[in-house]
Structures are given as structure tokens and as C-alpha cells.
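Participant: need the 3D shape of this:
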Amino acid sequence: MAQINKSSEYFNTKLYTGNASTQSITGVGFQPDWVWIKNRVDTYNNHVFDVIRGVNQQLRVDDTGAESTFSNSLTSFDSDGFTLGSNGSVNFNGNNHVSWNWKANGSGVSNTDGSITSTVSASTTSGFSIVTYTGNGTGGATIGHGLGVAPACVIIKNRTSGTYDWLVYHKALGATKYMALNRTDASTTSAIGWNDTEPSSSVVTLGTANAVNTNSSNYVAYCFAEKKGYSKFGNYTGNGNADGTFIYTGFKPAFVICKMTSASGQNWELNDNKRNPYNEAKNTLRPNTGDVEDGTFNTCDLLSNGFKLRTNNDATNQSGATYIYMAFAENPLVGTNGIPATAR
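Facilitator: Next up is the predicted model:
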């Protein structure tokens, strides 16, 4: 499997200050196909946009809301970033914002690999695809994902109805369980998520949950395969100590999300290298809430070869608890070009 040496060609975090007017956010380094935006200093939702659903088509990660058309929000995907209108949800005047940006493969093409025809924008190089489809309500239905290898993580949202969760498949839990990205719940064991069937190199199998496959509802799925030196999706056990668990990824992380799976009541926790340019990485945002950035509890070190927890907080490091994580790289530990990652 080829290794990605320059992660910033496929994922990058960009910070900006809102101006309540039109502004172009540049410096992403590529034309993003999925953009996730959060106001860091005020209680606004986590908003996501993608190139298949189109500009101004907004979903909120931290609630069950259906897709909404918010005029003057994200108005274009550009060659080096994106353009915003005056909408305060993503461009509040004077407030600091963060955007996380992923590259897929443009506006998408029809994919007939599954029993449901999907529209797919896929980067087989970085292992990321955006998939849209219309559900048929049949357990065991499949959708093509376009990655050529089995996804390690799949996140799906019902775009039509405002009552269903963001369901997450994660390889460390397997296809008999699912998580909800917008909730603090532990993992749930049920076939309604993934029909107890692991994703294949061509398709994701759907259960009968309304969150993934109700008849005539429209959906979006974000699919991720592991790529050496670039992305990792795994699990770990907490030790309840401020000298916390170390998780090896094989690269210097730029973005890490962790979530307890063994019990309910803990948030998803997100750290990145741009809001936290030095260790400890203290500034946490939570995908399941609209809360402001928190620099109090859930700290970690982003190292050249993984991340190490620096807290005994239950959200990421309770003794004996189990967690999943999703991580994307700043640099591989050592590139195929012989260049090593350096410490922060």
C-alpha cells in the first residue's frame, strides 16, 4: 500500500476570523470536498458541507436536524479553500472559527456496485469518499463507496428527516455495533445499523434503522479507509492516570477524535494541531455539542508517531474503559522520501 508523504494535500485544518460579510478562506492547500466548520468562542452548531450535496446545503453534526438550505453560508468550494457569505452560523463577526477540510474527488459519479445506486466522490489515494443515496427500507441493502478497499469508518446521516442520529460504523467495534456521533451513548449492539455485515472493498451494507435506510429518504455517507502514514482508526483502553495511555498511529497526528464506547455519558473529544500548535494540546471541541472550545480537561500530546493522553478525565482516559479514535496525519513518522516527522 502506497504511503502518503504530504498529508496536507488531502486533509488540512484552517483557522479564520468571521466578518459577517463575504470572505474567501484560503490556505487550505487544495479544493476541499468536505468542510466541517465550528465557531470556537460561541455556542453554534458543528456545520458540515460537501461538494455532492452542494453549496449552502448544511447539516449539523451535533443534532438530528435534516439538511437545511442556509443562504450565504458556504457559497463555493474554491481551488485553495472556500468562500463564505454573511451567515452567522459559519461567519460570525469577530469570532474565531475552525474548519476541517478533506479532499475527495469532485462532484461525484454514479456508482452501481450496490443494490442501491449511489453517487460517489472518492479519493482512492487518501481513502475518503462522499456517498449520497436514497434508502429503500430493506435490510441487507448495499451502497457502493468507491474506495477499492473496505472502509474502517463510515458516518451516515438521514438528510430528509430531522429525527435520526448520525450513525457511525467503526472497525474496532465491528458491524454488530454502532455509535451515534451526535450523542454521548455507549456503543449499541444491533443489526439495524449494518445488518451484522462488515463493509467490503466495494460496498457498505445497511440495516433497517431509519438513520441509515428508510424508504425514500435521502442520505449522505462519509467513508474512510486506513492509509499508511495518513489515517488510522483504532481503539485503546484508558489507564485513569495523568501520565496517560499512548496510542501509536505511525504518523504525527493533525486531527484526533476520541469517544468512550464502554459506557454512556461521555462526549466525543476533538483535538487538532492548528488550534493546539504546542503540547499539551488542551483546546478541545466536541462534535456532539455546540459548546465553545474547552481548554480545561481533555488534554493530550500530539507526537511524531501517535498521541499520548495527559489527563485522567473520564471522557478520554478512565481506568479500564474502552475508546475508539479517528486520526489524520500532519506527517508520516518517516516518509518514503526518508524525511522523518519532528517533535512539536
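
Participant: tell me what the strand or helix carrying residue 83 is packed against?
Facilitator: Secondary structure from DSSP states H and E places residue 83 in strand 81-84. Here strand 81-84 touches strand 23-26, strand 74-78, strand 96-102, going by 3 or more C-beta pairs under 8 Å, 6 or more residues apart in numbering; DSSP states H and E. Yep, even glycine has a C-beta here, placed from its N, CA and C like the rest.

Participant: out of those, nearest to residue 152?
Facilitator: Of all the helices and strands packed on strand 81-84, it is strand 96-102 that lies closest to residue 152, at 14.7 Å by C-beta to C-beta.

Participant: which outside residues touch the closest one?
Facilitator: Under the criterion C-beta atoms under 8 Å, 6 or more residues apart in numbering, residues 10-18, 25, 28, 30, 32-41, 81-82, 90-91, 126, 128, 255, 272, 274-275, 285 lie in contact with strand 96-102.

Participant: take those and keep only those in helices.
Facilitator: 90, 91 (DSSP state H).

Participant: what average pLDDT does the strand holding residue 83 get?
Facilitator: Across strand 81-84, the average pLDDT comes to 98.

Participant: cool, stretch 194-208 as well?
Facilitator: Mean pLDDT, computed over stretch 194-208, is 98.

Participant: before we move on, the earlier item: among the contacts of strand 96-102, which ones are in strands?
Facilitator: Counted as lying in strands by DSSP state E, out of these, are 11-17, 25, 34-39, 81-82, 128, 255, 272.

Participant: list only buried entries from these.
Facilitator: For the ones in strands among the contacts of strand 96-102, a burial check counting by 16 or more other C-beta atoms under 10 Å picks out 11-14, 16, 25, 34-39, 81-82, 128, 255, 272.

Participant: for the residue nearest to residue 190 when sequence neighbours are not counted, what are its contacts?
Facilitator: Leaving aside its sequence neighbours, residue 190 sits nearest to residue 178 (C-beta to C-beta, 6 or more residues apart in numbering; 7.0 Å). For residue 178, the residues meeting the contact criterion (C-beta under 8 Å, 6+ apart) are 167, 168, 169, 187, 188, 190, 193, 194, 209.

Participant: go again using 6 Å as the cut-off
Facilitator: In this structure, residue 178 makes contact with 167, 188, 193, judged by C-beta atoms under 6 Å, 6 or more residues apart in numbering.

Participant: what helix or strand does residue 258 sit in?
Facilitator: For residue 258, the element it lies in under DSSP H and E is strand 251-260.

Participant: C-alpha coordinates for that strand, PDB please?
Facilitator: Listed next in PDB are the C-alpha coordinates belonging to strand 251-260 (Å, rounded to 0.1, in the frame of the first residue of the first chain):
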ATOM      1  CA  PHE A 251       2.300   9.300  11.900                       C
ATOM      2  CA  LYS A 252       2.300  12.700  13.600                       C
ATOM      3  CA  PRO A 253      -1.400  13.500  14.100                       C
ATOM      4  CA  ALA A 254      -3.000  16.600  12.800                       C
ATOM      5  CA  PHE A 255      -6.500  15.700  14.000                       C
ATOM      6  CA  VAL A 256      -7.800  13.200  16.600                       C
ATOM      7  CA  ILE A 257     -11.300  12.400  17.800                       C
ATOM      8  CA  CYS A 258     -11.800  10.000  20.700                       C
ATOM      9  CA  LYS A 259     -15.000   8.500  22.200                       C
ATOM     10  CA  MET A 260     -15.700   6.200  25.100                       C
END
